[in-house]
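Asker: okay, sequence plus prediction incoming.
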Amino acid sequence: MSAYKPSKYRPLPTVDLPDRQWPNRTHTCAPIWCSVDLRDGNQALAQPMSVAEKLEYFAMLVDIGFKQIEVGFPSASQIEFDFCRRLIEEDRIPDDVSIQILCQCREDLITRSLEALQGAKNVIFHLYNSTSPAQRNYVFGAERADIVAIATRAVELLKTHSASHLAAGMNLQLEYSPESFTSTELDFALEICEAVSDVWQPTPEKKIILNLPATVEYATPNVHADQIEWMCRHLTRRDATIVSLHTHNDRGTGVAATELGLLAGADRVEGTLFGNGERTGNLDIVTVALNLYTHGIDPQLDFSNLNEIREIYERTTRMEVPARLPYGGDLVFTAFSGSHQDAIKKSWDKQQPGQPWDVLYIPIDPADIGRNYKAIIRINSQSGKGGVAYILETEYGFTLPKAMHREFGPIVNQLADSRGTELSSADILAAFQAEYLDRQTPIEVLDFRTTEKARSVTAEADLKINGETRTLTGTGNGPIAAFVTAIRDAGILQFEFLNYTEHSLGSGARAQAVSYIQIKPVNSPPLYGAGIDTSIELASIKAVASAINRALAD
Ligand SMILES: CC(=O)SCCNC(=O)CCNC(=O)[C@H](O)C(C)(C)COP(=O)(O)OP(=O)(O)OC[C@H]1O[C@@H](n2cnc3c(N)ncnc32)[C@H](O)[C@@H]1OP(=O)(O)O
Ligand SMILES: CC(C)C(=O)C(=O)O
């Protein structure tokens, strides 16, 4: 039995829409995007942005490709007013971008907003009043008809007061939001939207934006979709209306609600970068846009430099992008666990240029959003051999033979376990060096020479063995075989030579070779050695010595 009393809360009403269409639809194109970072995002900050910060942020939003940007609530404060004026007076608004401002349905605020907008070319004037029963009851103390009158009167006032702006060439579009739409009875939401449209008289050429906000997210996304589909089907001027979504994230499903709302017929989406905004935030536009992209749809927004966008966002808002936020978070391309690392490495290796993206566990190519591959595989005690091999290969160019992964992986795993922390790439390289490349006891190779006669190679190896310098000789069909014979004949270790691979490390005059040698000592399991040198031959000899040293280690 839990300590909770569920009866404290009410279940949410559902929508009677048995022939709902949205579940059978798929997304086919990007919606009209509107950034509300500078208004809804900004109004939720403990320290709102300065004018300078807003100017920088506005320029970034334009660069990303937003064509509609809510720049603030200019009647609310001098700073908001001044920002709007600077955008206009300093000619910072591209001709194909509309600035949007928010305003309550009050005459003084409408006239002040129009003052702030003087001289702007493309304007979306966003009027709102709240419509839900609780808002009507607690905040306005008003009946439905009075709430409708607040909205329609404001639209009349806007028409009257904007006449001179229109005459001066302003392209003015009305956006109306029945704030708290998703908590409003649908018939009333429809009534007020229709009343506003009746006053504004939109046409298919000059559409009205009806924004239907989930001001607070109370419902599951399917209920939101039903509400939007219901509105889309009942609006009489649907062809003269842009239906807009504005979701919040109180239940953590703002993205899902928006995606289903689009299936339900909405044309437009308001949201913010990384989901900044009131309480749990507005909808995260980055996520919805890139979700579309990963389904093969051009999002019409450019997040190819997401790291830089994030840097500006974090600096100007003083918010932090959480490590696991889709696309932008530090850890979203990172796999710590072994089986994931293994699958990523295998599928990555098979990825062909020009083929659809098919790397397991990574739904988007990090390069498409300007993120690098370095952070994809990180190593801790949950990691496996594939991830360790991936780090050695991508960071340091060592392509270990597959059987060697099984040998070196557990060594790193034990190290991570004993440290109890994540291991850096440098830690893994250091472990590789200590285990293979730097082993010089009991045998250290000082010099190695060969002479060839009648397809037989004789090797002379100057070695330090247990601190004593000795020269060993042996003969074989190649330098490695000759060296192996010399070691066996000297009684240092009895073993069978199993296999050999090598590749170059780096390129150009300073390139080195790395060799990997596997041996099978008598009475113990096979094991690897590795060696590096500018000479391929010496790299192999060092690799044999490394394997012998490992076999003889305590
Ligand atoms: C869901 C959202 O995010 S909506 C946007 C919210 N953002 C903001 O509010 C930030 C900017 N706002 C402000 O700075 C201020 O609220 C101002 C300048 C707009 C108005 O300031 P004030 O008039 O001093 O205060 P306040 O907002 O509390 O006014 C409340 C009054 O407006 C009424 N009101 C609230 N919203 C609206 C509206 N959309 N249309 C008409 N009247 C409204 C309330 O009923 C209340 O009326 P009352 O005084 O008769 O009780
Ligand atoms: C003004 C409206 C659109 C709003 O911000 C909300 O309802 O969250």
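Answerer: Great, that's in hand. Ligands and ions are numbered 1, 2, ... in the order given.
Asker: residues from this protein in reach of ligand 2?
Answerer: Among all residues of the chain, those adjacent to ligand 2 (criterion: Cβ under 6 Å from any ligand atom) are 40, 102, 128, 177, 179, 211, 213, 215, 246, 248. In short, each C-beta sits where N, CA and C put it, glycine included.
Asker: including neighbour count, could those go into JSON lines?
Answerer: Converted to JSON lines, the residues of the chain next to ligand 2 look like this (neighbours: other Cβ atoms under 10 Å):
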{"residue": "40", "neighbour count": "25"}
{"residue": "102", "neighbour count": "25"}
{"residue": "128", "neighbour count": "22"}
{"residue": "177", "neighbour count": "25"}
{"residue": "179", "neighbour count": "17"}
{"residue": "211", "neighbour count": "26"}
{"residue": "213", "neighbour count": "24"}
{"residue": "215", "neighbour count": "23"}
{"residue": "246", "neighbour count": "29"}
{"residue": "248", "neighbour count": "24"}
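Asker: so which strand or helix has residue 123?
Answerer: In this structure, residue 123 sits in strand 122-130 according to DSSP states H and E.
Asker: what residues are up against the nearest residue to residue 124 once chain neighbours are set aside?
Answerer: The shortest distance from residue 124 to any non-neighbouring residue, by Cβ to Cβ, 6 or more residues apart in numbering, is to residue 100 (3.8 Å). For residue 100, the residues meeting the contact criterion (Cβ atoms under 8 Å, 6 or more residues apart in numbering) are 34, 36, 39, 68, 69, 70, 71, 123, 124, 125, 126, 175.
Asker: kindly report the same for residue 307.
Answerer: The contact partners of residue 307, by Cβ under 8 Å, 6+ apart, come to 370, 371.
Asker: quick check, residue 210 in a strand?
Answerer: Yes - when the secondary structure is assigned by DSSP: H, G, I helix; E, B strand; the rest coil, residue 210 falls within a strand.
Asker: please renumber the chain so that the first residue is 43 from this point on.
Answerer: Got it, first residue is 43 now, which makes that one residue 252.
Asker: before we move on, the earlier item: most neighbours among the contacts of residue 142, which one?
Answerer: Neighbour counts for the contacts of residue 142, by other Cβ atoms under 10 Å, peak at residue 113, which reaches 31 neighbours.
Asker: what's the helix or strand encompassing that residue packed up against?
Answerer: Using DSSP H and E, the element containing residue 113 is strand 110-114. Here strand 110-114 touches strand 74-77, helix 93-106, helix 120-131, strand 140-146, strand 164-172, going by 3 or more Cβ pairs under 8 Å, 6 or more residues apart in numbering; DSSP states H and E.
Asker: from ligand 1, how far out is residue 84?
Answerer: Applying Cβ to the nearest ligand atom, to the nearest Å, the value for residue 84 to ligand 1 is 9 Å.
Asker: picking up where we left off before, now mean pLDDT too, for the helices and strands packed on strand 110-114, in a markdown table please.
Answerer: Written out in a markdown table, the entries for the helices and strands packed on strand 110-114 read as follows (pLDDT from 0 to 100):
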| stretch | mean pLDDT |
| --- | --- |
| strand 74-77 | 99 |
| helix 93-106 | 98 |
| helix 120-131 | 97 |
| strand 140-146 | 98 |
| strand 164-172 | 98 |
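Asker: out of those, flag the one nearest residue 157.
Answerer: Taking Cβ to Cβ as the criterion, residue 157 comes closest to helix 120-131 out of these, the separation being 7.8 Å.
Asker: at contact distance from ligand 1, anything in that closest one?
Answerer: No - for a cut-off given as Cβ under 6 Å from any ligand atom, helix 120-131 has no contacts with ligand 1; the smallest distance is 7.9 Å.
Asker: can you give me the offset of that helix from its chain's centre?
Answerer: Taking the mean C-alpha point of helix 120-131 and that of its whole chain, the gap between them comes to 33 Å (Cα atoms, centre = their mean, to the nearest Å).
Asker: all strands of the stretch 343-492 of the chain, in order?
Answerer: For the stretch 343-492 of the chain, the strands defined by DSSP state E, counting those that start in this stretch occupy 485-495.
Asker: pLDDT weak spots in it?
Answerer: When the per-residue scores of the stretch 343-492 of the chain are filtered using pLDDT under 70, the ranges that remain are 415-416.
Asker: now do the helices in it.
Answerer: When assigned using DSSP state H, counting those that start in this stretch, the helices of the stretch 343-492 of the chain occupy the ranges 348-359, 380-392, 427-438, 444-461, 467-474.
Asker: nearest to ligand 1, of these?
Answerer: Counting by Cβ to the nearest ligand atom, ligand 1 lies closest to helix 348-359 out of those; the figure is 16.3 Å.
Asker: check which residues of the closest one are buried.
Answerer: In terms of neighbour count (16 or more other Cβ atoms under 10 Å), helix 348-359 has its buried residues at 348, 351, 352, 354, 355, 358, 359.
Asker: what of stretch 407-421?
Answerer: Judged by neighbour count using 16+ other Cβ under 10 Å, the buried positions of stretch 407-421 are 408, 411, 413, 418, 419, 420, 421.
Asker: separation between the residue most central in space within the chain and ligand 2?
Answerer: For the chain, the residue lying nearest the average C-alpha position, counting by Cα atoms, centre = their mean, turns out to be residue 369 (0.8 Å). Applying Cβ to the nearest ligand atom, the value for residue 369 to ligand 2 is 23 Å.
Asker: isn't that residue right up against residue 331?
Answerer: No - in this structure residue 369 lies outside contact range of residue 331 using Cβ atoms under 8 Å: 9.0 Å.
Asker: which neighbours do the two share?
Answerer: Contact criterion Cβ under 8 Å, 6+ apart; residues shared by residue 369 and residue 331: residue 345.
Asker: look up how far residue 457 lies from the residue of the stretch 443-592 of the chain found nearest ligand 2.
Answerer: Nearest to ligand 2 in the stretch 443-592 of the chain, going by Cβ to the nearest ligand atom, is residue 464, at a distance of 39.8 Å. Between residue 464 and residue 457 the computed distance is 11 Å (Cβ to Cβ, to the nearest Å).
Asker: what does residue 104 give?
Answerer: In this view, residue 104 and residue 457 are 49 Å apart by Cβ to Cβ.
Asker: go on, residue 587?
Answerer: Counting by Cβ to Cβ, the gap from residue 587 to residue 457 is 23 Å.
Asker: which of these two has more residues huddled nearby?
Answerer: In this comparison of residue 587 against residue 457, neighbours counted by other Cβ under 10 Å, the higher total goes to residue 587 at 25 against 18.
Asker: and the more buried one, what is it in contact with?
Answerer: Each residue near residue 587 by Cβ under 8 Å, 6+ apart is listed here: 481, 485, 486, 487, 505, 571, 573.
Asker: quick one: name the residues of the chain near ligand 1.
Answerer: Proximity of the chain to ligand 1 is assessed by Cβ under 6 Å from any ligand atom, with 82, 85, 115, 118, 144, 146-148, 151, 170-171, 181-182, 192, 221, 257 identified as the residues in range.
Asker: repeat the analysis, applying 8 Å as the threshold.
Answerer: Taking Cβ under 8 Å from any ligand atom as the criterion, the neighbours of ligand 1 within the chain are 81-82, 85, 115, 117-119, 122, 144-148, 151, 169-172, 181-183, 192, 196, 221-222, 255, 257, 320.
Asker: what subset of those residues is buried?
Answerer: By neighbour count, with 16+ other Cβ under 10 Å, those hold 81-82, 85, 115, 117-118, 122, 144-148, 151, 169-172, 192, 196, 221-222, 255, 257 as buried.
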